[in-house]
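Fold the following.
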Amino acid sequence: VSHLVVIMGTETFDGRERRYVDYPIADLLHMMGMASRQGIDSSGKCVIMCHTPKKEHLKKLLYDPLPIESHIDHYLHDHFNSEIVTKTISCMQDAVDYITWTLLYRRLSKNPNYYNLQGTSNVHLSEHISDMVETVLGDLEASKCCQLTDDGDVSPLNLGMIAAYYYVQYETIELIAASLTAKTKVRGILEILSHASEFSNLPIRQGEEKALKILARNLPQNLPESAQFQDPRTKALVLLHCHFSRKALSTDLRTDQKRVLCDSINLIPAIVDVISSNGWLKPALAAMELSQMVVQGLWNKDNILMQIPHFTKEIVQRCEAYEGEEPIESVFDILTLDDDVRNDLLRLPDEKMADVAVFCNNYPNIEVAFDVQDADDITASDPVQIAVTLEREVDDDDEDEIDESEMGKVAASLFPKEKREGWWIVVGDTKTNSLLSLKRVNLLRKQKAVLEFMAPDEPGDYNLTLFCMSDSYLGCDQEYSVPISVAVGDSDDDESSSGGESN
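Now for the predicted structure:
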């Protein structure tokens, strides 16, 4: 805020439409509201510099009171989906009633032209709302977010529940479900992520197409052949690539990149849930790796030491070339070095060494224990339970000094907002690429979880794998072999015995 606000021009370049468009009047009013410092000025001044023919039009808009209109009709799909999941809407009549409780219903008759209403009578209102409800519910059914019966009853489906839980747009969840396959890798998931509807309104400023093309030329991975640089989704993909490659960006692009990263970290768990619903193991693990990449700003093939603040490729090369008793391969190896050796390898000033120490101390050291319940009594097609315990290892010397509220806080200098650790616990069969059970947990000191899945239909010995995957750090994932022996089920015994009698 300040005493004087100067708005130099009332137009902005829209890269998608390739023309200049006027600022929304709400944005102008917001900028004008920045004039006058609270407690200091008794009044504020705002100077608007505009094209002369627009002066009278702007004066009318700014000085005359404007009615507040509803825009919920543009976002009704996601509202309906959330209400269907929470059972507030269970039939078409509930959806109509829901609209009657909104500002939209009050404004329809007051400003019918704004909402493309043919008339203001009760019949016109009723028909307009009914058509709106039918269209929205039809779109949700087509995207497999809900199920609509001939009687007008509505019930949520799995995709709708995932979209509502993570606040993901219904178009995005439909795209994710349609695009994923059992063979999708990190690169494919990254492209699906960048095409989310959440990124469709990223601004394309004048001259940015050229800047994005230059950035794309210097990236380690090529963009898809269909990439159009005036498309906000291509921009989101380029900004994600730049984040992983740690490329320097202009102020505007850095602002857009922060928004993309914050949205991405919310979308990736939704992608994981969609994949797990299909029972695919490798794509789920790839999506979890992508989450780590987004938080730490690294490619999954980069050396994990690059996560540490102020580490450069030169420092990593010195660590790789170190010929001590033990090679330096993980973050924990940095902590075990003698001070003299560490100082010689890192060659950082004291204030940067303090940042290194904070990261290394926050880096999770997790002890994983698991137990297959009734392991000697597993029969075909019966439920199997695995009890898993995650426990954070803490030095006894630091036990009294640890602040519980700080535990689990992620050290990520390149991620734009504070984040807490999350962990995915996964049971799967790597041979068949099948994901059997998945749970996401938060961890402070100790966390227990029970994973349940159905035993294979065929009796025999199986070697499953238990994965413990971080959503924030590279290099701290763990996997364990889980051998199980599946015996013949009771039903199989009965069938075989009855078959023997008939013979």
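
pretty sure Leu28 contacts Lys59?
No: counting by C-beta atoms under 8 Å, Lys59 is not a contact partner of Leu28; they are 11.6 Å apart. No exception for glycine: its C-beta is placed from N, CA and C like everyone else's.

The two: who's more crowded?
The residue with more neighbours, out of Leu28 and Lys59, is Leu28; 19 against 12, by other C-beta atoms under 10 Å.

mind listing the helices in the stretch 151-300 of the chain by residue range?
158-166, 170-179, 186-194, 208-217, 232-245, 251-278, 281-296 (DSSP state H, counting those that start in this stretch).

Just name the most buried of the ones you listed.
helix 281-296 (a mean of 24; mean count of other C-beta atoms under 10 Å).

What is that one packed up against?
helix 186-194, helix 232-245, helix 251-278, strand 423-429, strand 434-441, strand 460-470 (3 or more C-beta pairs under 8 Å, 6 or more residues apart in numbering; DSSP states H and E).

Make JSON lines from those and add distance to Leu202 and mean pLDDT to it.
JSON lines is the format used below for the helices and strands packed on helix 281-296 (distance: least, C-beta to C-beta, whole Å; pLDDT from 0 to 100):
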{"stretch": "helix 186-194", "distance to Leu202": "10", "mean pLDDT": "95"}
{"stretch": "helix 232-245", "distance to Leu202": "4", "mean pLDDT": "94"}
{"stretch": "helix 251-278", "distance to Leu202": "6", "mean pLDDT": "95"}
{"stretch": "strand 423-429", "distance to Leu202": "29", "mean pLDDT": "95"}
{"stretch": "strand 434-441", "distance to Leu202": "28", "mean pLDDT": "94"}
{"stretch": "strand 460-470", "distance to Leu202": "28", "mean pLDDT": "94"}
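
In a markdown table, list the ones you listed along with distance to Val388.
Shown next, in a markdown table, are these (distance: least, C-beta to C-beta, whole Å):
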| stretch | distance to Val388 |
| --- | --- |
| helix 186-194 | 25 |
| helix 232-245 | 31 |
| helix 251-278 | 16 |
| strand 423-429 | 5 |
| strand 434-441 | 8 |
| strand 460-470 | 7 |
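
closest one to Phe370 among these?
Judged by C-beta to C-beta, the one of the helices and strands packed on helix 281-296 that comes nearest to Phe370 is strand 460-470, at 5.8 Å.

show me the contacts for the closest residue to Tyr462 other than its chain neighbours.
Nearest non-adjacent residue to Tyr462, counting by C-beta to C-beta, 6 or more residues apart in numbering: Ile484, 5.3 Å away. Contacts for Ile484 were tallied using C-beta atoms under 8 Å, 6 or more residues apart in numbering; they are 372, 375, 378, 384, 455, 461-462, 464.

if we take those, which one ends up nearest to His3?
Nearest member of these to His3, counting by C-beta to C-beta, is Leu464, at 67.9 Å.

Neighbours of that closest one, how many?
Neighbours of Leu464 (other C-beta under 10 Å): 22.

Remind me which helix or strand the closest residue to Val47 other than its chain neighbours belongs to.
Using C-beta to C-beta, 6+ apart and skipping residues adjacent in sequence, the residue nearest Val47 is Val6, 4.8 Å away. Using DSSP states H and E, the element containing Val6 is strand 4-8.

Could I get the buried residue list for that strand?
Buried residues in strand 4-8, counted by 16 or more other C-beta atoms under 10 Å: 5, 7.

ditto for stretch 46-53
Under 16+ other C-beta under 10 Å, the buried positions of stretch 46-53 are 46, 48, 50.

can you put those in CSV and add pLDDT and secondary structure?
Converted to CSV, the buried residues of stretch 46-53 look like this (pLDDT from 0 to 100; DSSP: H, G, I helix; E, B strand; the rest coil):
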residue, pLDDT, secondary structure
Cys46, 90, strand
Ile48, 91, strand
Cys50, 89, coil
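
re the thing from before, quick one: secondary structure of the residue nearest to Tyr462?
Using DSSP: H, G, I helix; E, B strand; the rest coil, the secondary structure recorded for Ile484 is strand.

any low-confidence regions in the stretch 351-500 of the chain?
396-404, 490-500 (pLDDT under 70).

picking that back up, pipe the helices of the stretch 151-300 of the chain into JSON lines and attach distance to Val316 per row.
Putting these into JSON lines (distance: least, C-beta to C-beta, whole Å) gives the following:
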{"stretch": "helix 158-166", "distance to Val316": "35"}
{"stretch": "helix 170-179", "distance to Val316": "35"}
{"stretch": "helix 186-194", "distance to Val316": "21"}
{"stretch": "helix 208-217", "distance to Val316": "24"}
{"stretch": "helix 232-245", "distance to Val316": "15"}
{"stretch": "helix 251-278", "distance to Val316": "23"}
{"stretch": "helix 281-296", "distance to Val316": "14"}
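
Which residue is the nearest non-sequential neighbour of His3?
Distances taken as C-beta to C-beta, 6+ apart place Asp41 nearest to His3, at 5.3 Å, with adjacent residues excluded.

I misspoke; the intended subject was Ser90.
Once flanking residues are discounted, Ser90 sits nearest to Val154: 6.0 Å by C-beta to C-beta, 6+ apart.

so what's that neighbour up against?
Val154 is in contact with 84, 89-92, 94-95, 137, 146-148, counting by C-beta under 8 Å, 6+ apart.

ok, the residues you listed vs Leu193, which is closest?
Closest to Leu193, out of all of the contacts of Val154 and judged by C-beta to C-beta, is Cys146, at 24.1 Å.

Does the nearest residue to that closest one once chain neighbours are set aside lie in a helix or a strand, and which?
Excluding its sequence neighbours, the residue lying closest to Cys146 (C-beta to C-beta, 6+ apart) is Leu140, at 4.7 Å. Here Leu140 sits within helix 122-142, counting by DSSP H and E.

buried sites along that helix?
Applying 16+ other C-beta under 10 Å to helix 122-142 flags 125, 128-129, 132-133, 136-137, 139-140 as buried.
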